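S.K.: pasting the sequence and the predicted coordinates here, then a few questions.
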Amino acid sequence: MRSTTPARLVAATLALVMLLGAAPAGATTPALTPVEDGLKVALDAMRQLATDTRYNHGQKKTTKPRKGLPVDLGKDGRLTVLLAGSDWRAKSGGERLDVLMVATIDPTTGKAAVVSIPRDMAGIPLAGGGNSGGMRVNSIYFLRYRNPAKKHGAVDRKAMKRFTADIAAFLGTEIDYWALTRFATFANLINSLGGLRVDIREEVRDSSYHHRSSRGIYFPKKNDYKLKGDPACKPYPAKCHSALVYARSRKGTMGDGYNSDWKRAERQQEMVRAAVKQIIEAGAGVALVGRLLKVRDKIDTNLPKTVEAAGQLFALVHKLKLPRGNMKVLAPATWSYLAGDGTVRPNLSRIRQFVDNKFYKVKGR
């Protein structure tokens, strides 16, 4: 796989989330000229944002949002989004948010940062006071906030708003929006892209992973490795090509060490980058929007679903800077520690030190 800067790929990740909900629901590929025109106008307009600055605590200069822009940058002038992946299944009760990433972008300086929160993180501060105790972060949305009267397949947007507020309180920063996708539709999303090519830097062996009628999976160390939605996998030495399994496996070994929740979080970040890169390289205009129309229903978000909003965000791709030091998985032992009950407890002072330096520091927390 050809190298692409992490800055462009993480910026494009947020652009993808925006674009997936941007095209009109009734649109079809042959009639996309207004969408293309709207994107061009929006891109041109959003590039002018760099001329509007104001002083913010801890961040020197940052963007002063103009009135009327579709995407609200919040009080801090930054764009910060919670990206969540759910294990929801049609025939199973409950729902856990096993993938949790928070990405932030300064529209003027181009500086960005991303943190991934382990699914077993517990004892996090809550927006309403107190903390989550022994409840794992991946269960808070469903167990604390989701309305049980809602249908099994419905996304409770009010509950997602409250959960997002909890994650903001935990990190000590402002989060403007959330975006949610479910693993049940993840395979279809990957297939709609024509598969996914990733660089596997360390082989993955998980003998405990149950996949359909088989047990055990293996991904070899290889560049430009082709993943599909969710084809059947067999035990080692058979090579698994399931994108869903690659994103979910968290046991066994990875290279010379153990596979884990935080190791798979790193793989998930790489998969997101690869998917966005693939979409961008498919081409602009009709080709790009046509591809996005195929996958737009796979993501639920409270971001504005307009072409202008998509252009506002997509314009950030060309200016962002994201060094590897700005990408963290909040794993033990640096960012958290293993508790006796099997949960991961946060090193809150260390986490917030990073957030204060890389995200906007919210006053009064």
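M.R.: Arrived safely. It should be emphasised that the depicted structure is a prediction, and the values quoted were computed from it without experimental measurement.

S.K.: ok, Met160 to Leu143 distance?
M.R.: As judged by C-beta to C-beta, to the nearest Å, Met160 and Leu143 stand 14 Å apart. The way it works is simple: take the backbone N, C-alpha and C, and place the C-beta from them, glycine included.

S.K.: these two: who's more crowded?
M.R.: Neighbour tally, Met160 and Leu143, criterion other C-beta atoms under 10 Å: the higher count belongs to Met160, 22 against 14.

S.K.: show the contacting residues for Lys75.
M.R.: Glu174 (C-beta atoms under 8 Å, 6 or more residues apart in numbering).

S.K.: my reading is that it lies in a strand. Confirm?
M.R.: No: Lys75 is assigned coil when assessed by DSSP: H, G, I helix; E, B strand; the rest coil, not a strand.

S.K.: could you report the pLDDT at it?
M.R.: Turning to Lys75, the model gives it a pLDDT of 82.

S.K.: before we move on, what about Ala243?
M.R.: Reported pLDDT for Ala243: 92.

S.K.: for the residue lying closest to Ala169 once chain neighbours are set aside, report the pLDDT, please.
M.R.: Leaving aside its chain neighbours, Ala169 sits nearest to Ala127 (4.3 Å; criterion: C-beta to C-beta, 6 or more residues apart in numbering). You'll see Ala127 listed with a pLDDT of 96.

S.K.: could you check how far Ala127 is from Thr80?
M.R.: 15 Å.

S.K.: these two: who's more crowded?
M.R.: Neighbours per residue (other C-beta under 10 Å) separate Ala127 from Thr80, with Thr80 holding more: 23 against 14.

S.K.: in three-state terms, label that one for me.
M.R.: Thr80 ends up strand, using three-state DSSP.

S.K.: was I right to think it contacts Val71?
M.R.: No: applying C-beta atoms under 8 Å, one finds Thr80 not in contact with Val71, separated by 11.4 Å.

S.K.: what do those two both touch?
M.R.: What both Thr80 and Val71 touch, as defined by C-beta under 8 Å, 6+ apart, is the set Asp176.

S.K.: domain parsing for the protein?
M.R.: Using automatic domain parsing, the domain ranges for the chain come out as 6-184+282-358, 191-258.

S.K.: those: lowest mean pLDDT?
M.R.: It's domain 6-184+282-358: among those, that one has the lowest mean pLDDT, namely a mean of 75.

S.K.: what's the burial count for the closest residue in space to Ser242 that isn't next to it in sequence?
M.R.: Closest residue in space to Ser242, ignoring its immediate chain neighbours: Asp230 at 4.9 Å, by C-beta to C-beta, 6+ apart. Look at Asp230: counted by other C-beta under 10 Å, it has 19 neighbours.

S.K.: and Val245, by the same measure?
M.R.: 21.

S.K.: other SSEs contacting the helix or strand hosting it?
M.R.: Secondary structure assignment for Val245, by DSSP states H and E: helix 243-248. Helices and strands touching helix 243-248, by 3 or more C-beta pairs under 8 Å, 6 or more residues apart in numbering; DSSP states H and E, are helix 183-192, strand 204-211, helix 261-281.

S.K.: pretty sure Leu82 is touching Thr173, no?
M.R.: No: with contact defined as C-beta under 8 Å, Leu82 does not reach Thr173; the gap is 10.7 Å.

S.K.: which residues do these two both contact?
M.R.: Joint contacts of Leu82 and Thr173 (C-beta under 8 Å, 6+ apart) are Val102.
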